[in-house]
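here are the coordinates; sequence isn't available:
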């Protein structure tokens, strides 16, 4: 039996309007209630019918050609592979001689291939040794990164101590940056900005590591400037998704309205282009 | 850990929820149908097209495009209010259908719902990215996104262009109280949260929840008698 509360939650879920704990609780309830699952499916179907209420709008002709051209360029996952035709059952009398000659040639070729394979194995062994060396170097870099992390943590502690000593929180801008991505809602960051030193500290957690051609870029928004001010790029630990950085803005900042983190090209950009990943209120 | 794609860029999951018989009947009824084809027949036809697409048949993709591109493009354009972006969304949706056609199973739901959900999610992702950027730069989201300006049933010209199914859906929505129509339109097309819808309509969030529930249930019941 579906009650009014369940019906309301199912209606909201059909439009993907449930969030946070309310959504988690409802999804958990769905897993144990087949009647509720059926209602959600039914309401989702009704909701998708809302597409018919959009004002009529004809897609341009060239879009069809564009879609079909893109599909032609991409192989469908299950697109069948063309197999070569079967061998003909009958062949001329000289064919066995030709096959014998081919076999002899193949034998000679195989011997040469065996020798070449030995050379390749030796080359692969050398590559393995090089890879082991690179691994050692990476371990060293990881160790250095951990040391820098420790240093950043110490700087955060120093700033916190300074806050405590001065007893003047009002001069510091402290903000929590929340995730703007639905798929990484747990990502979080805390930014502390000291206006007197024009320096801040950003601590990030649970942010996904990026591909090699991307960087996270920090921005500060000061209303005196028309565009967000660059505060540098950073990477996160690929295992923990954490980062601790000390940052400075490219321009003198009087009053920070917001902090933001965007996803940009490697090395950062002078003006924000990519999607916003974290944003302070 | 790697940087994951937004949820809308992944294939829509065919959960077991839509496998229930009760849902399948209505799922089929919500399919667009021409004046002669039955909804169940149309659902099977789309399933057959997706099956051919899974085997690499590009003619099947062309047929599916001809059948679904108009409502999908209209939906994306209404959400984004931008023709170029709507074209990008529809292009990506059909490529996604092409590449994931083998994952489709008619027993789990209708192709039309799958395609609409893909389109809506991708368009709303773009809308939210745009809104975030505007907010970051100090702009505000436009006060009026243009929804609700065409309340009422379809006009004679539009009726001629719509299939019977679409006309039935539009008429059923036009029969809802205006405040329920508005709540459903914002819930489907705006990409707003419950709280944002409540703020936009200057109503308590509980009122908005109730309007969405009553509107959707009434829409379901009305369509059940007509389709």
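Received, thanks. No experiment lies behind these values; they were computed from the predicted model shown.

in the chain, which spans are helices?
Picked chain A for this. Counting by DSSP state H, chain A has helices at residues A:4-14, A:20-32, A:34-48, A:61-73, A:95-166.

actually chain B
Going by DSSP H, chain B shows helices at B:21-29, B:39-54, B:58-80, B:83-100, B:111-136, B:156-161, B:164-174, B:178-185, B:194-201, B:205-226.

list the buried ones in the fifth one?
Within helix B:111-136, the residues that qualify as buried by neighbour count (16 or more other Cβ atoms under 10 Å in any protein chain shown) are B:111-133, B:135-136. No exception for glycine: its C-beta is placed from N, CA and C like everyone else's.

on that earlier part again, comparing the helices of chain A, which comes out most buried?
Burial of these is given as mean neighbour count (mean count of other Cβ atoms under 10 Å in any protein chain shown); helix A:34-48 ranks first at a mean of 23.

thinking again about what came up before, could you export the helices of chain A as TSV, including distance to chain B?
Formatted as TSV, those follow (distance: least, Cβ to the nearest Cβ, whole Å):
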stretch	distance to chain B
helix A:4-14	4
helix A:20-32	7
helix A:34-48	3
helix A:61-73	5
helix A:95-166	15
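
who touches residue A:1 in this structure?
Residues near residue A:1 by Cβ atoms under 8 Å, 6 or more residues apart in numbering or on different chains: residue A:35.

Need the pLDDT of it.
Here the pLDDT value assigned to residue A:1 is 84.

One more: the one 4 residues further on?
Looking at residue A:5, its pLDDT stands at 91.

swap in residue B:198?
In this model, residue B:198 is scored at 94, pLDDT.

okay, now it: neighbour count?
The tally of other residues near residue B:198 (other Cβ atoms under 10 Å in any protein chain shown) stands at 19.

Check the spacing between it and chain A real quick.
Residue B:198 sits 11 Å away from chain A when distances are taken as Cβ to the nearest Cβ, to the nearest Å.

So that residue is in contact with residue B:210, correct?
No: using Cβ atoms under 8 Å, residue B:198 is not in contact with residue B:210, being 11.2 Å away.

Distance across stretch B:75-86, terminal residue to terminal residue?
Start-to-end span of stretch B:75-86 (Cα to Cα, to the nearest Å) is 8 Å.

what sits up against it?
Residues from elsewhere that reach stretch B:75-86, judged by Cβ under 8 Å, 6+ apart: A:51, A:54-55, A:57, A:59-60, B:73, B:89-90, B:116, B:119-120, B:122-124, B:126-127, B:145-146, B:189-191.

ok, and for that stretch, which residues are buried?
Neighbour-count burial for stretch B:75-86 [16+ other Cβ under 10 Å]: B:75-80, B:82, B:85-86.

residue contacts, residue B:193?
Contact analysis of residue B:193 by Cβ under 8 Å, 6+ apart lists A:17, A:19.

List phi and psi for it.
Main-chain dihedrals, residue B:193, degrees, to the nearest 10: phi -80, psi 170.

next one: residue B:81
Residue B:81 adopts backbone torsions of phi 50, psi 40, taken as degrees, to the nearest 10.
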